[in-house]
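**Q** predicted coordinates and the sequence they were generated for:
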Amino acid sequence: MSKSYEDDYDSPTSSRNSVSAGLLNSEDVNKDFPLVAPRKRWITPARVHLAALYTILLVFTLQALKTWFSKPVDISLGNLYTPAKEVIEYEEIEFTWNFWDKGEYMGFPTDEKDKMWSDLYNFGTSGIPNEEAKKLPYPTVPVPDEPDKSLVMLDVWHQLHCLNTIRRMMYPERWPEIWTKHEDGTINYDTVEMLHIDHCIDHIRQTLQCFGDTAPTSFFYHPTKGNNPSPWGTHMCKNFDNLKEWSVERQIVHFSMHDKLGTGKKHDDFEIKPKGSGYGGSAKDVEGLRFEDVTEAREMVGEVKIHM
């Protein structure tokens, strides 16, 4: 045979040479035909910055949602509209125990103390846009000389006024005009002043029943007096400064309870509803009204609504 066995099958030496040659040429082959694509870096500065930005946004979003859903909801008005809704915030207030140690609003009245009480509510008459006034549960009257505004008052100022009225009643030496006596020296309770005080007591009663403070009161034991309600307590309260600021910003100063505001309504136009327990029955404030006599004043007690 002209072709040897070695020609058909390379010798081990030649095979090793071929393999070596192939290995030596692999770099050239890979350059022309790469078997695996180069791995790209996933973590880059741009991606790190983007991830950090998303994380910050997520944290702020979660915090905002937590604040929103954890904020106490004002359900005290139910579906009733209040123009001060946007400023209502709640805060925990620790009540002080003023008994033997009198607080600044307590004690025998002085000019300074009287002013402190008056400053709690003497800005209470506010003017709101007529569009907002249309949402009120009861109609109201226009602001004098400002026909685009209507008069309104947050009831907290009415309540504080009533409480101050009762406080004054405790000191006849300072406010003797509150008390009228019969010829025999006994107190005459059939006066408009007494009617006003009676109304104020009942208005505060209705307010306390309405809001029904459910803050728990603990007890403590005294060796000689036994178990007593704790004088300290934490309450969830509306932010008073917010309500005050809202009213001060809208205060109507050129207004008197006796102003004729162009409604043409007189006392005869009042619709008197039957008396009740209120929260029942609700005697609305009659301060500033002038009656023929006390009998007519007593008949006016009850829920009063003006025909509009």
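**A** Perfect, thanks for sending it.
**Q** distance of residue 248 relative to residue 177?
**A** 30 Å (CB to CB, to the nearest Å). For every residue, glycine as well, the C-beta is placed using N, CA and C.
**Q** the more surrounded of those two?
**A** residue 248 (11 against 8; other CB atoms under 10 Å).
**Q** go ahead and confirm that one touches residue 122.
**A** No - the criterion here is CB atoms under 8 Å, and residue 248 misses it with residue 122 at 10.2 Å.
**Q** buried residues in stretch 138-148?
**A** 140, 141, 142, 143, 144 (16 or more other CB atoms under 10 Å).
**Q** TSV for the residues you listed, including secondary structure?
**A** As requested, the buried residues of stretch 138-148 are exported to TSV (DSSP: H, G, I helix; E, B strand; the rest coil):
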residue	secondary structure
140	coil
141	coil
142	strand
143	strand
144	coil
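**Q** and which of those residues is nearest residue 130?
**A** Closest approach to residue 130 among these (CB to CB): residue 142, at 7.8 Å.
**Q** the closest one contacts residue 128, correct?
**A** No - at 11.0 Å, residue 142 does not count as touching residue 128 under the criterion of CB under 8 Å.
**Q** okay, and the common contacts of those two?
**A** 149, 150 (CB atoms under 8 Å, 6 or more residues apart in numbering).
**Q** what's the average pLDDT for the helix or strand containing residue 246?
**A** Per DSSP states H and E, residue 246 falls inside helix 240-249. Averaged across helix 240-249, the pLDDT comes to 97.
**Q** tell me which residues in it are buried?
**A** Under the neighbour-count criterion of 16+ other CB under 10 Å, helix 240-249 has 243, 244, 246, 247 buried.
**Q** low pLDDT regions in the chain?
**A** Confidence mapping of the chain against pLDDT under 70 gives the ranges 1-42, 64-78, 257-308.
**Q** ok, and residue 150, which helix or strand is that part of?
**A** Taking DSSP H and E as the criterion, residue 150 maps to strand 146-152.
**Q** and the next helix or strand past that strand?
**A** As assigned by DSSP H and E, the chain's next helix or strand after strand 146-152 is helix 155-169.
**Q** where along the stretch 101-250 of the chain do the helices fall?
**A** Remark: helices assigned in the stretch 101-250 of the chain by DSSP state H, counting those that start in this stretch are 111-118, 130-133, 155-169, 192-211, 240-249.
**Q** do you have the strands of the stretch 201-308 of the chain handy? List them.
**A** Assigned by DSSP state E, counting those that start in this stretch, the stretch 201-308 of the chain shows strands spanning 219-222, 226-229, 233-238, 270-272, 304-306.
**Q** distance to residue 181 added to those, as TSV?
**A** Below are these laid out as TSV (distance: least, CB to CB, whole Å):
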stretch	distance to residue 181
strand 219-222	42
strand 226-229	38
strand 233-238	41
strand 270-272	30
strand 304-306	30
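**Q** just these: most buried one?
**A** For the strands of the stretch 201-308 of the chain, average neighbour numbers computed from mean count of other CB atoms under 10 Å are highest in strand 304-306, which has a mean of 16.
**Q** now the strand or helix carrying residue 48: buried residues?
**A** Per DSSP H and E, residue 48 falls inside helix 45-70. For helix 45-70, a neighbour-count test (16+ other CB under 10 Å) marks nothing as buried.
**Q** just stretch 192-201 next, same as before
**A** Buried positions in stretch 192-201, judged by neighbour count with 16+ other CB under 10 Å: 192, 193, 194, 195, 196, 197, 199, 200, 201.
**Q** how about stretch 112-131?
**A** If you call a residue buried by 16+ other CB under 10 Å, then stretch 112-131 has these buried ones: 117, 120, 121, 123, 124, 125, 126, 127, 128.
**Q** between the residues you listed, which is nearest residue 188?
**A** Using CB to CB, residue 117 is the member of these that sits closest to residue 188, with 26.0 Å.
**Q** excluding chain neighbours, what is closest to that closest one?
**A** Leaving aside its sequence neighbours, residue 117 sits nearest to residue 164 (CB to CB, 6 or more residues apart in numbering; 4.8 Å).
**Q** one step back: residue 49 is nearest to which of the strands of the stretch 201-308 of the chain?
**A** With CB to CB, the closest approach to residue 49 among the strands of the stretch 201-308 of the chain belongs to strand 233-238: 43.3 Å.
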